[in-house]
Every structure is written in structure tokens, then in C-alpha cells.
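just coords:
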Ligand code: HEM
């Protein structure tokens, strides 16, 4: 059972969050549609997603200190995200989640978080 006292950040630890993000970007690298949206150097994007997830999962607020309030939907307005693009991005994340060993309850929670967040990013 998941420990209700621990945040997902504490249960997973930074290493696993980093691995998750790294696997996500390895999948992005294999997607020509997504790559069209991203800058050629993916390292800064990887760092931003890592810090964002650390914060969302209950860890330090470093993302906020560096980037300000996430306002993610607004930040994504500059890229046309239709339901197909949403699916492509989400699939990269689902594959990444599947490749990292974690408690099944946390996996389910994180999956459902990404489905909601990706739906929220659709703007076309
Ligand atoms: C599924 C469709 C999505 C697409 C096509 C997409 C695309 C992008 C692109 C092209 C960037 C710019 C990369 C950069 O930072 O240089 C970006 C940034 C970012 N994305 Fe997404 N994204 C999607 C969904 C999501 C979701 C579901 C989340 C979070 C749960 C997310 C979190 C972020 C974050 C934190 C940044 C960096 C924001 C910043 O501080 O500037 N994205 N995204």
C-alpha cells in the first residue's frame, strides 16, 4: 500500500523522477511531430520538466523560483496542440512511466495526473 503520509516526491525520490523525465525525452526524440515543436537542444526543456514535476509531486519549489508560476496552459499556447498531438505527447509519458519501477498506486496516480494535464494543454 502507498504510505498516505509520504508525498509522491518522497516515495519516488529525485533519481526516479529524473529517470522518468529522461525516458520521456528519449521517447520525444523518436517522435518527428513532437520534435518539430521543441528547440534542437532538449536539455533545458528536460531540466524544466524535472523541476516542475519535483514541485508537483510535493518536493522543493525550485521550478517556481526559477520560472515563476507554472501557468502551463498559457505557456503551451505558442504550440498548436490538438488531440493527436496530445496523444503523441501522452504516449511518450505513458511509455516512460511504464519503464520506471514504482508502486502501482503511485503509477496509477501519476498516470491519471498526466492524462488530465495533457487534456488541459489541448488548444486547437
Ligand atoms: C501532450 C502535449 C504536450 C506537448 C506537445 C508539449 C510541448 C511542450 C514544448 C514544445 C515545450 C517547450 C520545451 C522547453 O521548455 O523548451 C514544453 C514545455 C513544458 N511542458 Fe509541455 N507539452 C505537452 C504536455 C505537457 C504536460 C502534460 C505537462 C505537465 C504535466 C507539460 C509540462 C511542461 C513544462 C513544465 C514545460 C516547461 C515550461 C517552462 O518553464 O517554460 N507539458 N511543452
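Perfect, thanks for sending it. Just so we're clear, the structure is a prediction, and the values are computed from it rather than from any experiment. Numbering: from 1, shown residues only.

what about residue 104, how many residues nearby?
9 (other C-beta atoms under 10 Å). Quick note: C-beta positions are derived from backbone N, CA and C, even for glycine.

give the contact list for it.
By C-beta atoms under 8 Å, 6 or more residues apart in numbering, residue 104 lies in contact with nothing.

try residue 58
Counting by C-beta under 8 Å, 6+ apart, residue 58 makes contact with 7, 8, 9, 10.

could you list the residues in contact with stretch 43-56?
9, 14, 17-18, 20-22, 24-25, 38-39, 60-64, 66-67, 70, 72, 113.

pick out the residue in this structure sitting closest to the ligand.
Relative to the ligand, the nearest point of the chain is residue 89 (2.5 Å; C-beta to the nearest ligand atom).

how far does the helix or strand where that residue lies sit from the chain's center?
Applying DSSP states H and E as the criterion places residue 89 in helix 83-99. How far helix 83-99 lies from its chain's middle: 10 Å, per C-alpha atoms, centre = their mean, to the nearest Å.

go through the next helix or strand after it and flag the buried ones.
Per DSSP H and E, the first helix or strand lying C-terminal to helix 83-99 is helix 104-121. Residues of helix 104-121 classed as buried: 106, 110, 114, 118, 121 (neighbour count, 16 or more other C-beta atoms under 10 Å).

what does the longest helix anywhere in the chain rub up against?
Using DSSP state H, we find that the single longest helix of the chain is helix 8-29. By C-beta under 8 Å, 6+ apart, the list of residues contacting helix 8-29 from outside reads 2-3, 34-35, 38, 42, 45-46, 49-50, 53-54, 57-59, 89, 91-93, 95-97, 99-100, 102-103, 106, 109-110.
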